[in-house]
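1. Kindly return the folded structure for what I paste below:
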Amino acid sequence: MVKLFILHLNLIVMLNITHKSIDSKIDKTRYSIFKRLDERSISQTLLRLLCVVAIVGVLSLFLPWTQNIRAKGYVSALNPYDKPQAIQSLIDGRIVNWYVQEGALVNAGDTILRIEESKEAYLDPEILSRTRSQIDAKQESVNAYKSKVLNLKEQAAAIQQNRDVKLEQNEIKINQVKLKIQSDSLALVAADIDRQNSKKQYDRTNELYQKGIKSLTEVELKDLKWQKAQAKYLDIQNKITNYQNDIDNLKANAFSIKNEVNEKLAKINSDIQSTNSLQYNSLGDVNKLESQFNQYEVRSNAYFITSPIRGTITRALRIGIGEFIKAGEDLITIIPEEYELAVEMYVRPVDMPLMKKGQQVRIMFDGWPALIFAGWPDNSYGTFSGEVFAIDKFISKNGMYRILVVESDKLQKWPEQLRIGGGANALVLLNKVRLYYEVWRQLNGFPSDYYQYEIKADKKLKAPIKKIK
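-> Okay, the predicted model is just below:
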């Protein structure tokens, strides 16, 4: 029944389109529906308020807005040598004593812990002195071989000198024989002349004897004289031949002297090469022992593990006394006392083209309350300023690019209580645009503008010109 009445009333209201109204004929107090309709009517105050809000909303669309990129990261050190580092042991060993505790401040060179040997090859307490004795013995062997080589060289020099003397004496003998040959050659010529004259005298005397002029005795005397001259000639000729043979023998003797000396020198040179080989082997053993001694010495110095820098001990990774450690194993972590802070933040690859060095960044550190207005960074509270210092050229394992941010505003320094590893949220500030443009960009899903504004002198255009880089 009530539903029918309401439907009838709606038809009446809908038909209230003529100048003849029926409102006066209806008693609205009898029906509660009229009262409800009057309560739902909008008041003038609400309408004014909505208008003001609408006008303010439209005007706010023309406010400046700073485009930004949000990124997360953590506090780190700018220089690699300022980052937390672990201290390792150079050798295997067993922990004997600790000299520091966590949180202690140490200087460079301070002893952190001491270890002792754990390998059988290095357990000899006199290993350094024994190795040094072996080195000295091998060095004496090297010196002995050097002396032997010098003696052999002196012996070779003496043999060469003796060879030269013998060859010189042999040459002198040859010259003497040549002089004798020269002298006897003159005597041979004289003997030949005497022989020929004696022959002629004999022939003439024999001819006169045949004629009866000369006696047989005179013929025999001439014949004897000719025979003597002939014998003398032959004797001198034989001497010259013997002298020639002597020269040949002396020349052969010189060749024999050279061969004999060369044979001795070859043997001495062979001994020198053998001695040099032994010397070099001993020298190699000395170098090997020296290297081994240096290794032992360095190893003995590695028993005391010291701090490489001045810093604070943060965490002991190996604890206890008597615990065995391996070479290259992390033992303790140390943080430098003085370091330059930086923030390592990661941005998406799609935002990477918008990054450049010197770009301004607003940072929120964990533990410092902040009130952020992304589009109005100057009005944000609790944020700290920074600038982009370096941008990686390769992507990180997490699929984003790493960016280093350093402190930029000297008047607003970063908190001294910051520690490496603390979290940080960053806003990378980009271009300033109008709010309506940013709303339109966000609704359409467009990326931030990649523009830089440059003022160019243009007669026709007075407004700044956007230049795409």
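2. Name the residues of stretch 124-144 that are buried.
-> 127, 131-132, 135, 138-139, 141-142 (16 or more other CB atoms under 10 Å). C-beta: built from backbone N, CA, C; applies to glycine.
3. can you tell me which of these are in helices?
-> 127, 131-132, 135, 138-139, 141-142 (DSSP state H).
4. What is the nearest of the residues you listed to Leu418?
-> Ranked by distance to Leu418 (CB to CB), these are led by Ile127 at 49.8 Å.
5. how many other residues sit next to the residue nearest to the closest one when sequence neighbours are not counted?
-> For Ile127, ignoring the flanking residues on the chain, the nearest one in space by CB to CB, 6 or more residues apart in numbering is Tyr296 at 5.6 Å. Using other CB atoms under 10 Å, Tyr296 has 18 neighbouring residues.
6. Please tell me I have it right and Tyr296 contacts Leu128.
-> Yes - Tyr296 lies in contact with Leu128 (CB atoms under 8 Å); the separation is 5.5 Å.
7. How far does the strand or helix carrying Glu154 sit from its chain's centre?
-> Using DSSP states H and E, the element containing Glu154 is helix 127-211. With CA atoms, centre = their mean, to the nearest Å as the basis, helix 127-211 stands 67 Å off its chain's centre.
8. now for that helix, which elements pack on it?
-> helix 216-301 (3 or more CB pairs under 8 Å, 6 or more residues apart in numbering; DSSP states H and E).
9. what angle separates the helix it packs on from helix 127-211?
-> 170 degrees (axes from the mean of the first three to the mean of the last three CA atoms, to 10 degrees).
10. next structured bit after helix 216-301?
-> Next along the chain from helix 216-301, counting by DSSP H and E, comes strand 304-306.
11. Now do the lengthiest strand in the chain, average pLDDT.
-> Longest strand in the chain by number of residues (criterion: DSSP state E): strand 64-77. Here strand 64-77 scores 78 as its mean pLDDT.
12. strands paired with it, and their directions?
-> strand 341-347 (antiparallel), strand 423-434 (antiparallel) (DSSP bridges).
13. Contacts made by the very next helix or strand once past it with the rest, please.
-> Using DSSP H and E, the helix or strand that follows strand 64-77 in sequence is strand 85-88. The contact list for strand 85-88, computed with CB atoms under 8 Å, 6 or more residues apart in numbering, reads 112, 305, 307-309, 317, 327-334.
14. mind running it again at 10 Å?
-> 112-113, 305-309, 311, 313-315, 317, 325-336 (CB atoms under 10 Å, 6 or more residues apart in numbering).
15. so where's the protein uncertain?
-> 1-44, 65-67, 369-382, 410-411, 431-433, 435, 438, 442, 444-469 (pLDDT under 70).
16. Contacts only, for Ile159.
-> 260-265, 267-268.
17. what about it, distance to Asn269?
-> Separation of Ile159 from Asn269 (CB to CB, to the nearest Å): 11 Å.
18. For the two, list the residues in contact with both.
-> Joint contacts of Ile159 and Asn269 (CB under 10 Å, 6+ apart) do not exist.
19. element containing Arg402?
-> strand 401-407.
20. elements contacting that strand?
-> Under the contact definition 3 or more CB pairs under 10 Å, 6 or more residues apart in numbering; DSSP states H and E, strand 401-407 sits against strand 64-77, strand 341-347, strand 360-365, strand 384-391, strand 423-434.
21. repeat that with 8 Å
-> Strand 401-407 packs on strand 64-77, strand 341-347, strand 384-391, going by 3+ CB pairs under 8 Å, 6+ apart.
22. and of those strands, who's closest to Tyr233?
-> The nearest among the helices and strands packed on strand 401-407, by CB to CB, is strand 384-391 at 116.2 Å.
23. Give the buried residues for that closest one.
-> 384-386, 388-389.
24. In a markdown table: the residues you listed, plus distance to Lys357.
-> Formatted as a markdown table, the buried residues of strand 384-391 follow (distance: CB to CB, whole Å):
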| residue | distance to Lys357 |
| --- | --- |
| Phe384 | 19 |
| Ser385 | 16 |
| Gly386 | 12 |
| Val388 | 5 |
| Phe389 | 7 |
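25. ok, these vs Lys288, which is closest?
-> Distances from Lys288 to the buried residues of strand 384-391, taken by CB to CB, are shortest for Phe389, at 50.4 Å.
26. what's the distance between that closest one and Arg402?
-> 11 Å.
27. for Gly422, same thing?
-> Counting by CB to CB - Gly422 and Arg402 are separated by 17 Å.
28. Can you tell me the SS state at Gln412?
-> Look at Gln412: counting by DSSP: H, G, I helix; E, B strand; the rest coil, its state is coil.
29. Then Ile213?
-> With three-state DSSP as the criterion, Ile213 reads coil.
30. burial count for it?
-> 10.
31. cool, Lys211 as well?
-> Count around Lys211 with other CB under 10 Å applied: 8.
32. same deal with Ala86?
-> Neighbour number of Ala86 under other CB under 10 Å is 13.
33. is it in a bridge, and if so with what?
-> The partner residues for Ala86, given DSSP bridges, come to Thr333.
34. right, and out of the buried residues of strand 384-391, which lies closest to Ser215?
-> Phe389 (146.4 Å).
35. Please name the residues that touch the closest one.
-> 78, 342, 357, 404-406.
36. Quickly note the distance from it to Val75.
-> 14 Å.
37. what do you get for Trp226?
-> In terms of CB to CB, Trp226 sits 137 Å off from Val75.
38. same check, this time on Val388
-> 16 Å.
39. picking that back up, can I get the buried residues of stretch 124-144 in CSV including distance to Ile87?
-> Below are those laid out as CSV (distance: CB to CB, whole Å):
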residue, distance to Ile87
Ile127, 26
Thr131, 29
Arg132, 31
Ile135, 33
Lys138, 37
Gln139, 38
Ser141, 43
Val142, 41
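40. what's the farthest-apart pair in the residues you listed?
-> Going by CB to CB, the pair spanning the buried residues of stretch 124-144 furthest: Ile127 and Val142, at 22.4 Å.
41. burial measure for the nearest residue to Asp192 once chain neighbours are set aside, as a count.
-> Once flanking residues are discounted, Asp192 sits nearest to Tyr233: 5.5 Å by CB to CB, 6+ apart. Other residues near Tyr233 number 21, with proximity taken as other CB under 10 Å.
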